[in-house]
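Trainee: sequence-free structure coming up:
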């Protein structure tokens, strides 16, 4: 069982603060400066012996596949560039598995079920098993099952989340996309709340209809209703393609929420629910992003490996949260901030392939 989450009042304490949120000023960071700080603050893997020593230390790889999944679905990228990156990543993953490493694929998307995620990776000739895949749509179902949740759920913005909840035996309630006007109070709407609903899940969809969002807020404001978000990236300053409506829900509900995505602790606890033998000392996070997965490693005490050059490629070829993040980094001159940095870094997947 996942402990310490019984009532909404307890949840606010457990929500970790994002390292990019500053509500009083636009304190975003300069990418070039941050990049230089990274290479000066962590160990660069430069030789085969470096890789051999590193790989002998870890049994499980938590591979951040957010960038890979976005790359596979991006329409505005040259196919040759895409194929080159995907081939390098696939070769690294295959070599890790040949070394006997357990690979777990992590992602903050709630728009894919595990089956859909499996199929998308398979399209890149990356073979996986369902127990290796952890989209936040599935993590939500794992979390509610682990805490013994036995009420109904309102899931907004993700059919994949509804599917995974249903597969886990958790009943979902639909929210209509319209409200009935209140004839006695102009400007107000009338609707009834289902007393059996005990949780609201807000997924990463910027096109949630306003009436649906209003009803979700009404449920979330109930004292006996959990509020769960599947992705809180860039939460307090931006509503983006894969960011959720967390600020709206939090302001209206006026209480804490559970974030079941990286970099938050509960994402790790849900992985442990399905892989109970995992030891943080034998796990390594591999990521091509400088934001949430590095912080995720810090939050759960797992060491991190940053693949440098792939991030540089992705930031210029995809329209993801990472793209928006790096745009904001590049447009700011404030460098007086302390950010989590990886434990190790390598200059490219190509180098990784040569030395592993």
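Mentor: Happy to help now that I have it. Keep in mind the model is a prediction, meaning the values are calculated, not measured.

Trainee: quick one: low-confidence ranges for the stretch 251-356 of the chain?
Mentor: 251-254, 309-339 (pLDDT under 70).

Trainee: what do you get if the cut-off is 80, keeping everything else the same?
Mentor: 251-256, 290-291, 308-341 (pLDDT under 80).

Trainee: element containing residue 219?
Mentor: Per DSSP states H and E, residue 219 falls inside helix 210-220.

Trainee: quick one: the helices in the stretch 51-200 of the chain?
Mentor: Here the stretch 51-200 of the chain has its helices, by DSSP state H, counting those that start in this stretch, at 66-73, 79-98, 114-122, 136-146, 159-167.

Trainee: out of the ones you listed, which is the most enclosed?
Mentor: helix 136-146 (a mean of 26; mean count of other CB atoms under 10 Å). Every residue, glycine included, has its C-beta placed from N, CA and C.

Trainee: contacts for the helix or strand harbouring residue 270?
Mentor: Per DSSP H and E, residue 270 falls inside helix 265-274. For helix 265-274, contacts defined as CB atoms under 8 Å, 6 or more residues apart in numbering pick out 2, 5, 14, 16, 62, 104, 106, 131, 134, 136, 139, 142-143, 145-146, 258-261, 278, 296, 299-300, 302.

Trainee: partners of the following helix or strand past it in the sheet?
Mentor: Toward the C-terminus, helix 265-274 is succeeded by strand 283-287 as the next helix or strand (DSSP H and E). Partners of strand 283-287 in the sheet, by DSSP bridges, are strand 60-64 (parallel), strand 303-307 (parallel).

Trainee: can you lay out those as TSV showing distance to residue 354 and mean neighbour count?
Mentor: Output for those, formatted as TSV (distance: least, CB to CB, whole Å; neighbours: other CB atoms under 10 Å):
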stretch	distance to residue 354	mean neighbour count
strand 60-64	18	23
strand 303-307	13	23
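
Trainee: JSON lines for the ones you listed, including distance to residue 115?
Mentor: Output for those, formatted as JSON lines (distance: least, CB to CB, whole Å):
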{"stretch": "strand 60-64", "distance to residue 115": "19"}
{"stretch": "strand 303-307", "distance to residue 115": "27"}
